[in-house]
Structure formats: structure tokens, C-alpha cells
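**Q** I need the structure of the sequence given here:
(4 chains, ligands or ions: 2)
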Amino acid sequence: MDIKNIKSEFPIFKRKINGKPLVYLDSANSSQKPKAVINRMTNFYETEFSNVGRSVHSLAVKATNRFEESRDKVQKYLNAKHREEIIFTKSATESINLIASSFGEKFIKEGDEILITELEHHSNYVPWHFIRQKKGTKIKFAPVNERGEVEIDEIKKLINSKTKIIAITHISNVTGAITPLKKVVDLAKEKKIPVLVDGTQGAPHLKIDIQEIDCDFYAISCHKMYGPNGLGILYAKKKWLEELPPYQGGGGMISEVLKDKVSFADSPTKFEAGTLQTAEVVAFSEAINFIEKLGIKNIQNHENEILEYGIEKLKKNNSVNIIGDPKERVSVLSFTIKGIHPHDIATILDEDGVAIRAGHHCCQILHDKIGISATARASIGVYNSKEDIDILCNAINNCKKVFNI
Amino acid sequence: MDIKNIKSEFPIFKRKINGKPLVYLDSANSSQKPKAVINRMTNFYETEFSNVGRSVHSLAVKATNRFEESRDKVQKYLNAKHREEIIFTKSATESINLIASSFGEKFIKEGDEILITELEHHSNYVPWHFIRQKKGTKIKFAPVNERGEVEIDEIKKLINSKTKIIAITHISNVTGAITPLKKVVDLAKEKKIPVLVDGTQGAPHLKIDIQEIDCDFYAISCHKMYGPNGLGILYAKKKWLEELPPYQGGGGMISEVLKDKVSFADSPTKFEAGTLQTAEVVAFSEAINFIEKLGIKNIQNHENEILEYGIEKLKKNNSVNIIGDPKERVSVLSFTIKGIHPHDIATILDEDGVAIRAGHHCCQILHDKIGISATARASIGVYNSKEDIDILCNAINNCKKVFNI
Amino acid sequence: MELKELYQEVILDHAKNPRNKGKCENYNHDAKAHNPLCGDKVHIYLNLDKDKNIKGLSFEGEGCAISLASASILTDTLKGKDLSFTKKVTDDFLNMLKNKSKITLNSLSEDQVTTINSLSGVHEFPMRIKCATMAWHTLLSAIEKKNI
Amino acid sequence: MELKELYQEVILDHAKNPRNKGKCENYNHDAKAHNPLCGDKVHIYLNLDKDKNIKGLSFEGEGCAISLASASILTDTLKGKDLSFTKKVTDDFLNMLKNKSKITLNSLSEDQVTTINSLSGVHEFPMRIKCATMAWHTLLSAIEKKNI
Ligand SMILES: Cc1ncc(COP(=O)(O)O)c(C=O)c1O
Ligand SMILES: Cc1ncc(COP(=O)(O)O)c(C=O)c1O
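**A** Residues are numbered from 1 along each chain as shown, chains lettered A, B, ... in the order given. Ligands and ions are numbered 1, 2, ... in the order given. Next up is the predicted model:
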């Protein structure tokens, strides 16, 4: 596979948008899917489908094997130590809710503190807000600096003996800043505070070695990693698997069910109640294959090249204001245009086939801090090219024309 | 479409199991998917995919429309009064967990009682067990009678002023018994007790008119209705939508997010945190189309014919013991064979291409009551025929041969 | 559909120079709304006299050109009108965005009709309909919600 | 794979007439396990003397033919053996189901080897491997878990 011609692996690029080729710059929202992933799902449903883990007939046995092979694949890809540390969920959002609920109900008490940052997506704040409401906990926000980063010193300042967990994003989905995870984890380990990483934007762009990151929890959305929608992953370090109570109750996750008591299976089953997304899990293997064939480092380099090119070009446009200027960043390029609201930008860009996102990107705290209610965001995936950036820049000029600026 | 030849709509039946045609009698576990559903998913990913509800570009607009049209379709299919009463979840299991958590946290207190039945699937017991543990609530089990049914009088006896909710299955996934829902709801309304119906086995086989059933909550798994895996539905009556707190926190479900407080969107958004299963939701429309084209009444009649035939034939086999004999039943036929454990039955049947399930089918309470640890279960879907039953019966004789019985 | 029809001169003008911004004098009704998906906000202020005439009408808000223009045009069109007329125009406006029907009420000046009709292009941009209708829905809430 | 190889005479015989069922005399170790997916249960009882010889070995349980036969064969094979030998056989057995390797330990009688090997067919039925291995894993737990 050739990263320059990778677009041909994605069927969606055959279609036109308003008569123009699709320039998809909304991958931070959700990535497009390569043929191999789509085909695997189709093929699975057409020839191999069965519910997993529950029946002993051939279809079920094979489906179960494919399903568990996907788990192995994820384990290997993330370099997790144990396969039972890989839990399938609905989304990164669910992964974080699972931990907030399970960890929060058991370990967080009145007066305790939860430490997050101003960069967090609502998915890594609202679940903790629920715990705050239930338990009377405080949530502290490590501030973002002028460059749109969170500095380790700010986190250090906010840690104290009441801090029960640190929940931090790997990459900001607005500024693209990479947070200083290693330092956060080192600091937290010293103080024996567990760390949850919202890896939703990290996993699609960076090499993830979970043993090296050494966090306690890591949340992933497969749909941003060229995988199917409706599938998420929760990595949870082995030492927590027994400690944490189950999150949802239902079929599969039990050991023994009596009228007066219920006991639970071991992880990962314990955390996977009900019928799972069999086809999606199986097809996610193909998404990992896709990434591995290209090499995540090559993907990152390719995306960085486009990103740098985009930053250069947008900087030259006087009306454009780029949001944040982090030293280490990935994929995401948020901006505003003086005199044109991001919503209008998105609509006008769309006429040229350019798909971006406008709004607060589920980061209202960060937007309040910057003092604007919305930004336009172009986010880069493996299928983007410099030409896409050129088309984006032309389309931006078109915005200015429409608004007579 | 001709119900006698409907198999050709399901690609999976082209494949062979151990060199034999697939006789799929495991639909209560998960149904197979018609071509139209699979193709819709493929097609959506290939030409229309985008995340819904968040971006204003063309792809996102159209995906959002398709997504919301599916909600309309479900609303119409269930005859729900309001579209915001239809909430998309991961599975029926999640639907029930949502209500147990959201309703339970707010309305159930120490000393209160939750009324369920001995027929319940673990999915409609374990979530209530969590509330029991947290709140110090009692769970009462309406007993099952000798025929494998729950009688309205037994439920009546257990209702008292402490009863805060009744959670009952529409159809037993072991005996196939249809529970007396209408009577339960009438009784409960008199006493102002909300009723949750586990409709997982009901929705695939019966005409559901939710306004006629008039329950407060109804949980559905789309994968048992010829739809994609990883998708469930929660119907929640309008009067609850504002009352109930949200379940999971994250993107989309918020109204305003500030550092010290968070407010929430209206239903259904309020209960749909994070990125949803776009393709699956869109494709579920095709599953409803499929059912509507055939007519759910026709499906039910067809399945009943096969079921009756199966019961007749199995009754003639002296070694076979059918589990339960409910007056009103649907689709499911559980049995044991003297001297052969259900697991062994399933393995031997599989050699003849017959897929059934063996175990307690996530109903340990019921199995304990009957006094056996496992049963074999054949469950009938639209694609089954009398010939499938003949093959099943021959395969059962083969079991006896292998075991020298 | 041409962008030019969406972003007509008159809309851009209202967006850049919104009329009746701020709190109107002696307002006795108000309501606010916001679209959490994009962050658009609007707050409508209303001075309704005993005879159900809108003596004052203004708004505060931030958002895209469509939402600002819509709020501005709303206030400009309905200030001084009575309540039943206001509800009729609002109905017509919401219908216009839903069904592409045009507004032709007699008691509006030709100019006013042209101005309101300029928002009809939004019909072709489904994700933007909320931007255009939010102020009008909020006006209806404000009328319901007496606030002294 | 033929069903005949899975359900060999010797297996059916052990399943129908399990050896060493019940609690053995003076057991000082025991452990139980069950498979929540199918409901199979096993409880192993062990009388281990000071010299690490298995003086008594028995089981209680319910389940499919494979799990009963496996437990029965286990007790029959290992009663009277010492601990290190027992662990070796158990290792070999688990390997056999994992890798299809055959058991050939010297100190077992030819008959015993044939009997254990009769379970090797389970290897071809992945969903049934747990049925065959559960008793053996439980034996290892029982050995660890002194219970006086
Ligand atoms: C940083 C970050 N966290 C969490 C999420 C939530 O992901 P999902 O909606 O797939 O659960 C997103 C994406 O929307 C994100 O960008
Ligand atoms: C009666 C009943 N309730 C609930 C469930 C749970 O459904 P799911 O696993 O799709 O959540 C099932 C099926 O497994 C069922 O048969």
C-alpha cells in the first residue's frame, strides 16, 4: 500500500459532493472506512454470523474465535500485557463512563477530588460530573496555556492528598496538543493516583505502547481508527480488573445467579454484559491490519507533513486565526475567520466539497476559556493530501468572497 | 417476498456446516440478517458515511437525516406516540441497565421493592440486583407455574405499597411463554407502578403496539429482529423523559457545560451520549422494511406453524422432554433428552448442520426452579421450515445412536 | 442551490449590523435559547402592552450569520405589531423553512416581505434551519412566559 | 472429525458410570469450579498424605458426558499416585487438548494411557475443551488449597 495513493482504498472517495471531489477533513469526528473493513463486516454477516460465546454449534464457535482473535490483535497492537485488560465497549464515551461509574462508586468519597484539564472533551468531564453530583466530590481543571497545551507544572500544582484520580486526554481534539502523559503518569504513580487517559484522538495518530505509557485506563473509539462505528475499547490495567465492580448487568458477565445473590465472571467478560457488536469487533481486526501495513509511524509522519503545510498556508491568510500553537501536536487544525462565523464557514466550504466541523467540538470549557463560542476545525487522516489543503485554502477565500471581506 | 422461499434473502444459507445445509435454530440467540440489511450497511459505509448530528457538511447532513428517519421508522413500527420516546442503545441489556440505573437511582429507596419474575433473563435481573445492592431494596420473583408461565394472580399477590417498579419479560426465552402484559399493566396502573417490559423476545415475533401495551418502558435488541448487532432500542414513555436523569455522560447529550454545572439536552439526545452506531441505525430501517413487507402477523403465523409441528414431532419421541407447556407461546422450544446432556446434544446436532443452543440461556433462576442445570433450545425464525424440524428430529435420533440409547 | 441565495446581501447586512440589539426598554417578557451543538445563543426581550401590542422588541445573541440575521429581521418586522399578527407571521415563517412556502401577508410592507423571504433559501440547507428558526421559537416562548 | 472419536465407548462408559463419585474418606483438600456459560459443575476431593501421596481422590459434579468422563478418568488415573507425578500427568493432559500431543508417561499402564488419550478428540471441538479441562484445573486448585 502506498500512502500517497491510499485514497483508493476508501470507497467513499468515489462519490462527489456538490459535484466536487470529497475533501474529507473531519476525521477527528469520525474517520472513513477502508474497503477491507467494510468487506470484512459484509463477509462476516454473509457467511459467518452467529452470536458469540454462548452456543456450541460451528457458526458460534468460529464467530467466537474470530471475536477473541480481535481481542488478541488489539492487545498486541496496544502492547497490553494481558488479553483480559482489553474490554470492548460501545465507544470511548462508554469506556470513560464505565470507569467513572465503577471506580467512582467504589473509590471516590465526599470531599475527594477528581483532576481533569480544560482541554477535556465532554466525554471526559460529564461522567465525572455525575460522580461529583452523587458523591459531593470536587472536580479541578488543570488550566490550558496560551499555546493550547496543558503543562505538567499546572497538574503538579493541583494534585493533593484528596486527588483520587487524574483523567486527561492524550490529544486535544481542538488544538491537537499532545499532553505530557509520561510525566503525568510518573507524577501520579509517586502519589499512587490512578490515571485515566482519553485516548480517543491519540490512538488513531500515535504509536500506543500501553505498558510504556503505564496508565491505569485508556479509552479508544474504533470509529476514529478506520474501524466500524459503535465500537469502543477500554484498556484497564490488570490490577484493577478484580477491584472494580461490573458496570452493566446482564447475560454473559455472570458467574452464578441466585435469587439472593449474584457473582460475576472474570474480566473481560465481567465488563461486557449483553450481546456485543460481533461483526464490528471482528472487522476491527482489519482496521488494525490496515494501520499496521502502512505503519503508524508512517501515518503520523504523513499526517504531520500535511498538518505543517496547512498551518503554513493558513498563517499566510490574514483573516484566519489558528486556535492554539502547541509545541507537540497532531492532526487537528482549528481556526476562525474574522467576520465569518464557523457555521457559515462550514456551509460555504461544503459547497466546494470540503467537509470540516464547526462548533465547540464538545469542548465548551476550552471555548469559554478562549472566549469564543465556536471554531472551525479541519482534521487530517491518512487519506488527506496537500492538495486537500490547497482546496481548503481556496474554499476559505471563497468564504471571504461570499461575505465580501 | 414469499415466506416459503424467504431463505434466499439470507446469504448465510448459501454456506454449508460440516458439509450439510445450515439448519439455523438459534434465532432467539441472534437472528441471521437479510441481504437488504447487510447491503444497506455496506452501502452506507461506502457512499454515505459520516458521523451524525455534529457537522454541517453534506455528508453529515444526509447521514443525520438517514439516522433520524430510522428513528421515525421505529416510532411508527412500534406505534409510539412521540419520536423522542425512541432511544437508541447498544442492546436490550443496555436499555434495561439505563432504566434500572436512571430510574433506580432517583426513585428507589431503602426498603422499596422491585417485582420481577422467575422467567427473567439475567439482563432483566442483574441490573436490578445492582440497585438492590446500592439501595437496600428487595427483589421479589413472581413464580413460574408448571406450564412455564407466570400467572397474573401471582403478580397481584406480590404487589404492595412498597413496589416501585415491575420488570417483566414479554416472552420467555426458555419456555416461549407470552406473559399477560396487558393485565400486568392494567394492574400496575391502578397502583401507579411503572412497568418495564423486556421485549427482546417479543419484538421479533409479535405485533407491538406500544400505545396499546401502554407500558412505561420497552427494551428491544435489534440483532434478534433481523437487524445489525450492537444496536438496541429503549422505548420510554414521554412522561418519564424529563423525570429521568441521563445515564451516560459525553458528547451530544448536553445543553450547557460549565465548570461548576452541566445541563442536558432533551430526549432522545439526553440518553444518547457519545458517537452512535450510525450505519447500524440506518440499516435497521431495512430490517423493519423486511418485516413489514412480509407482515409481522404472517411471520408469527408461519413461525407458529413450524413450532406446533416441532412440538408434535418431539412429543412423539419418548426420550425427549419438552420444557414448559404454556398456553400462549412463540418461537422457542426447549427440551432435554434422557441420558444425554444438552451440551452433548448441541455438539452432535451440529454435525448434522443443526444449530441450537445448550445451557441455561441466561435464565439460571428458572433452571434452578425446574431443577436442571441446562436445556437444549431450538428457536424458530422466519427462515425456518418444517423440513428444518424434520432434520432436527433425525439429528436427535442420531444423538441417541451416538449414546447407544 | 447557490450559496448566493443563502447569503443574500440583505442577510449579510442584518448579520453585520443587527437591528434592535440589546435589551429594549421596559421589557416585560423574555426568553432565551441556545443550540448546544453549535453554541448559537439568542435572548429575546419583549415589551407587550395591555392591548397585546408589541411596543418593544429586541434581542441579544451570538451565532452565525443566519441566526443573527434571522433574529434581527424578526425584531425589525414585528416591532409595533399586535400579538395575533405576530403569531401568524411566525407560523408563516416556520412553514416557509419547512415547506418552502413564501410569505405574503397583506399587512407587511413589500420591503418587509422581501426581507423575510430572503431567509427562505435556508430551506435547502437542512443543518442550518435551526439557526434560522431559533429566534422565532424563542419569541413564542417569550410571549408565553410573562416576566415582570 | 468424527463424532465417534469424540464420544468413544470408554468416554460414554465413564460418563454413564463415573468412578469415584462422592466425597472420598478423610479428604483434606478440595476445590470446586463451574462454567457459567453452560452450567457444568465439578467439585474435587483429595486426601493427600504427609508424603504427598494421593490416598483418596473423588469428585462430585454434573455436566455433559465430556466433563463427567474427564473427571471420572482423572480420579481413576491419579488415585494412589504422588504429587509430582500427578502434576506431570495434568500438564500432559492440558497440553494434549491444546496441542493434540499424546500422553505417553511410562508409569501409567497401557490401559490408563488409552483411556486418557480417548479424550484427545475433544481438541477438534473447541467449545468443548473447557468441559474436558475443568476437572483438571480444579484438581490443581485443590492441591494448592489445603482444607482441614
Ligand atoms: C478527545 C475526545 N474524547 C472523547 C470523544 C468521544 O468519542 P465517542 O463519541 O466515539 O465516544 C471524542 C470524539 O468525539 C474526542 O475527540
Ligand atoms: C428475554 C431476553 N432478554 C434480554 C436479552 C438480552 O439481549 P441482548 O444480549 O441483546 O442485550 C435476551 C437475549 O439474549 C433475551 O432473550
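**Q** where exactly do the strands run in chain C?
**A** C:29-35, C:40-48, C:54-62 (DSSP state E).
**Q** Save those as a markdown table, and put in distance to chain B and mean neighbour count too.
**A** Quick note: C-beta positions are derived from backbone N, CA and C, even for glycine. Shown next, in a markdown table, are those (distance: least, Cβ to the nearest Cβ, whole Å; neighbours: other Cβ atoms under 10 Å in any protein chain shown):
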| stretch | distance to chain B | mean neighbour count |
| --- | --- | --- |
| strand C:29-35 | 7 | 19 |
| strand C:40-48 | 10 | 23 |
| strand C:54-62 | 14 | 21 |
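**Q** so which of these comes closest to chain A?
**A** strand C:54-62 (5.8 Å; Cβ to the nearest Cβ).
**Q** so where is the chain shaky, pLDDT-wise?
**A** Here I'm looking at chain A. Along chain A, segments meeting pLDDT under 70 span A:1.
**Q** try chain C instead
**A** C:1, C:146-148.
**Q** Show me which residues of chain A are close to ligand 2?
**A** A:G250, A:G251, A:G274, A:T275 (Cβ under 6 Å from any ligand atom).
**Q** Wait, the first one touches B:I96, no?
**A** Yes. With contacts counted by Cβ atoms under 8 Å, A:G250 reaches B:I96, the gap being 7.3 Å.
**Q** And these two? Which one has more around it.
**A** B:I96 (33 against 25; other Cβ atoms under 10 Å in any protein chain shown).
**Q** Briefly note if the helix or strand hosting the more buried one comes near chain D.
**A** Assigned by DSSP states H and E, B:I96 belongs to helix B:92-107. No. Judged by Cβ under 8 Å from any Cβ of the partner chain, helix B:92-107 makes no contact with chain D; its nearest approach is 15.8 Å.
**Q** so, in contact with chain A or not, the helix or strand following that helix?
**A** Heading C-terminal from helix B:92-107, the first helix or strand you meet, by DSSP H and E, is strand B:113-117. No. Strand B:113-117 is not in contact with chain A by Cβ under 8 Å from any Cβ; minimum separation 10.1 Å.
**Q** near chain B, which residues of chain C show up?
**A** C:H34, C:P36, C:L37, C:C38, C:F125, C:P126, C:M127, C:R128.
**Q** In stretch A:374-389, which residues are buried?
**A** A:374-385, A:388-389 (16 or more other Cβ atoms under 10 Å in any protein chain shown).
**Q** Of those residues, which is the nearest to B:D344?
**A** Comparing the buried residues of stretch A:374-389 against B:D344 with Cβ to Cβ places A:V382 closest, at 49.8 Å.
**Q** which residues touch the closest one?
**A** Shown here is A:V382, whose contacts under the criterion Cβ atoms under 8 Å, 6 or more residues apart in numbering or on different chains are A:I3, A:I6, A:Y226, A:L294, A:I299, A:H302, A:E303.
**Q** ok but it is inside a helix, no?
**A** No. The assignment for A:V382 by DSSP: H, G, I helix; E, B strand; the rest coil gives coil, which leaves it out of any helix.
**Q** where's it relative to B:R71, distance?
**A** 32 Å (Cβ to Cβ, to the nearest Å).
**Q** With A:F290 instead?
**A** A:F290 is 32 Å from B:R71, by Cβ to Cβ.
**Q** what ranges do the helices span in chain C?
**A** C:3-6, C:9-16, C:65-78, C:83-99, C:110-117, C:129-144 (DSSP state H).
**Q** Can you say which of these is nearest to B:P246?
**A** helix C:129-144 (21.4 Å).
**Q** Now do the same contact list for the residue of the stretch 51-200 of chain A found nearest chain D.
**A** Residue nearest to chain D within the stretch 51-200 of chain A: A:V56 (4.1 Å; Cβ to the nearest Cβ). A:V56 is in contact with B:H343, B:A346, B:T347, B:D350, B:R357, B:A358, D:C38, D:F125, D:M127, D:R128, counting by Cβ under 8 Å, 6+ apart.
**Q** just A:I12 next, same as before
**A** For A:I12, the contacting residues are A:L22, A:Y24, A:Q32, A:K33, B:Y45, B:E46, B:T47, B:E48, B:F49, by Cβ under 8 Å, 6+ apart.
**Q** What of A:Q133?
**A** So A:Q133 contacts nothing (Cβ under 8 Å, 6+ apart).
**Q** Helix or strand: which one has it?
**A** Assigning secondary structure by DSSP H and E places A:Q133 in helix A:126-135.
**Q** need the contact list for C:K52.
**A** C:D82, C:L83, C:S84.
**Q** Measure how buried the second one is and give me the count.
**A** By that I understand C:L83. C:L83 has 15 nearby residues by other Cβ under 10 Å.
**Q** measure it to ligand 1 for me?
**A** 43 Å (Cβ to the nearest ligand atom, to the nearest Å).
**Q** The helix or strand containing A:K293 and chain B, any residue contact?
**A** In this structure, A:K293 is located in helix A:278-294 according to DSSP H and E. Yes. Legend: contact between helix A:278-294 and chain B by Cβ under 8 Å from any Cβ is shown at A:T278, A:A279, A:E280.
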